[in-house]
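Undergrad: I would like the atomic coordinates for the input below:
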Amino acid sequence: MTDTSDLKMLGSHTEQPTDPDEAVLETVPYSGASEAPCVVRFTCPEFTSLCPMTGQPDFAHLVIDYVPGPKLVESKSLKLFLTSFRNHGAFHEDCTRMVGRRIAEATECRWLRIGGYWYPRGGIPIDVFWQTGPMPDDVWIPDQGVPPYRGRG
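TA: Residues are numbered from 1 along each chain as shown. Purely as a prediction, here's the structure:
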């Protein structure tokens, strides 16, 4: 059984963090760390942040793949972390990398990649990709499955 005694958010009322720097990513021990590796995927199709110049909302579809090390990220804390960007002003590239880095640091994962598929503003969609290093050879990493933005064309 996974030890969840250190978790503060899961199963209790938790206030929404208003800033990603203050949001806590909780983790649990990963019991499969000594077995054949697996890939964990989180998909956030409604990620929101603010343009740092105009304050207008920016929307993205995030796909996060990671190969766990000793810890797994707890999904409620991940949701609260991701929604803490709603009032955070940063460029697409910075938001995408920040999400990836924070998860990688919290979990001490073997490998992580994030794809940030940002919806167009000003007519230009921006896709941002970041990963911690080369893909591991000992695990199957699926395609992220998000097609390039085509609009109505």
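Undergrad: Does residue 61 belong to a helix, a strand or coil?
TA: strand (DSSP: H, G, I helix; E, B strand; the rest coil).
Undergrad: Correct me if wrong: it contacts residue 146.
TA: Yes. Between residue 61 and residue 146 there is a contact under C-beta atoms under 8 Å: 6.0 Å. Yep, even glycine has a C-beta here, placed from its N, CA and C like the rest.
Undergrad: So for those two, which residues contact both of them?
TA: residue 117 (C-beta atoms under 8 Å, 6 or more residues apart in numbering).
Undergrad: So for these two, which sits in the more crowded spot?
TA: residue 61 (18 against 15; other C-beta atoms under 10 Å).
Undergrad: Now do that one against residue 83, distance only.
TA: 15 Å (C-beta to C-beta, to the nearest Å).
Undergrad: just residue 123 next, same as before
TA: 27 Å.
Undergrad: So between the two, which is more surrounded?
TA: Ranked by neighbour count (other C-beta under 10 Å), residue 123 and residue 83 place residue 83 first, with 18 against 6.
Undergrad: Report the rounded mean pLDDT for the lengthiest helix in the chain.
TA: In the chain, with assignment by DSSP state H, the single longest helix is helix 92-107. What helix 92-107 shows for mean pLDDT is 98.
Undergrad: In that helix, which residues are buried?
TA: Under the neighbour-count criterion of 16 or more other C-beta atoms under 10 Å, helix 92-107 has 92, 95, 96, 97, 98, 99, 100, 102, 103, 104, 106, 107 buried.
Undergrad: what's that helix in contact with?
TA: 20, 25-27, 47, 49, 58, 60, 62, 64, 66, 68-73, 78, 81-82, 85, 88, 90, 109, 112-116, 118, 126, 128-132.
Undergrad: ok, then the element right after it?
TA: The element immediately downstream of helix 92-107 (helix or strand, assigned by DSSP states H and E) is strand 111-121.
Undergrad: helices or strands up against that next one?
TA: Using 3 or more C-beta pairs under 8 Å, 6 or more residues apart in numbering; DSSP states H and E, the elements in contact with strand 111-121 are strand 57-67, helix 92-107, strand 124-131.
Undergrad: Would you format those as JSON lines with distance to residue 137 included?
TA: Below are these laid out as JSON lines (distance: least, C-beta to C-beta, whole Å):
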{"stretch": "strand 57-67", "distance to residue 137": "11"}
{"stretch": "helix 92-107", "distance to residue 137": "19"}
{"stretch": "strand 124-131", "distance to residue 137": "14"}
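Undergrad: Kind regards, and thank you for your time.
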